[in-house]
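A.B. asks: Below is the sequence, then the predicted model.
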Amino acid sequence: MMLQSVDLDRAFHALADPTRRGMVDRLAQGPASVKELAAPLSMALPSVMKHLRVLEAGGIVLSEKAGRVRTYHIEPAALAGIEEWVSRRKAAWNRQFDRLEAYLTEETEDPQQEPEK
């Protein structure tokens, strides 16, 4: 699934902050409550919630509320979309390097002959 441009922008924005990337790293281990995600951080709970809202708006995480506890987990489809976008760019770069290598190989194997005198 290729993300739309706006979705991709939101996903990259969500991952641009080291605190949010840390939350994603933690969620890669499994779902966690807001309290669990906030525990290692030295910030107020409202700030943690703002980060989580950005991650959710970017499609990186989803949340569920059971009673008074909100639990977050990774949305694998968003990460797959980012991975697809990066893979396409990497493939294009590799094709360019392959063409450069072929050109350089051709030039070194068949140097231009000097004109006869």
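C.D. replies: Thanks, I have it.

A.B. asks: Quick one: residues contacting the spatially most central residue of the chain.
C.D. replies: Centroid-nearest residue in the chain, with C-alpha atoms, centre = their mean: I82, separated by 5.2 Å. Contacts for I82 (C-beta atoms under 8 Å, 6 or more residues apart in numbering) come out as L3, L8, A11, F12, L15. (C-beta placed from N, C-alpha, C; glycine too.)

A.B. asks: Can you list phi and psi of the closest residue to the second one other than its chain neighbours for me?
C.D. replies: Take L8 and drop its neighbours on the chain: the residue closest to it by C-beta to C-beta, 6 or more residues apart in numbering is W85, 6.0 Å away. W85 adopts backbone torsions of phi -60, psi -50, taken as degrees, to the nearest 10.

A.B. asks: What of the one 10 residues further on?
C.D. replies: Its backbone dihedrals place R95 at phi -60, psi -40, with angles given as degrees, to the nearest 10.

A.B. asks: What residues sit buried inside stretch 55-67?
C.D. replies: The neighbour-count check on stretch 55-67 (16 or more other C-beta atoms under 10 Å) flags L55, E56, G58, G59, I60, V61, L62 as buried.

A.B. asks: re the thing from before, of all the contacts of I82, which comes closest to A28?
C.D. replies: Among those, L15 lies closest to A28 (C-beta to C-beta), at 12.6 Å.

A.B. asks: H73 - that's part of a helix, no?
C.D. replies: No - H73 is assigned strand when assessed by DSSP: H, G, I helix; E, B strand; the rest coil, not a helix.

A.B. asks: Which strand or helix spans the residue nearest to the centre of the chain?
C.D. replies: Per DSSP states H and E, I82 falls inside helix 76-109.

A.B. asks: In that helix, which of the residues would be classed as buried?
C.D. replies: Neighbour-count burial for helix 76-109 flags A78, L79, G81, I82, W85 (criterion: 16+ other C-beta under 10 Å).

A.B. asks: Please state the offset of the helix or strand of the chain with the lowest mean pLDDT from the chain centre?
C.D. replies: The least trusted helix or strand in the chain, going by mean pLDDT, DSSP states H and E, turns out to be helix 76-109, with a mean of 86. Computed by C-alpha atoms, centre = their mean, to the nearest Å, the separation of helix 76-109 from the middle of its chain amounts to 18 Å.
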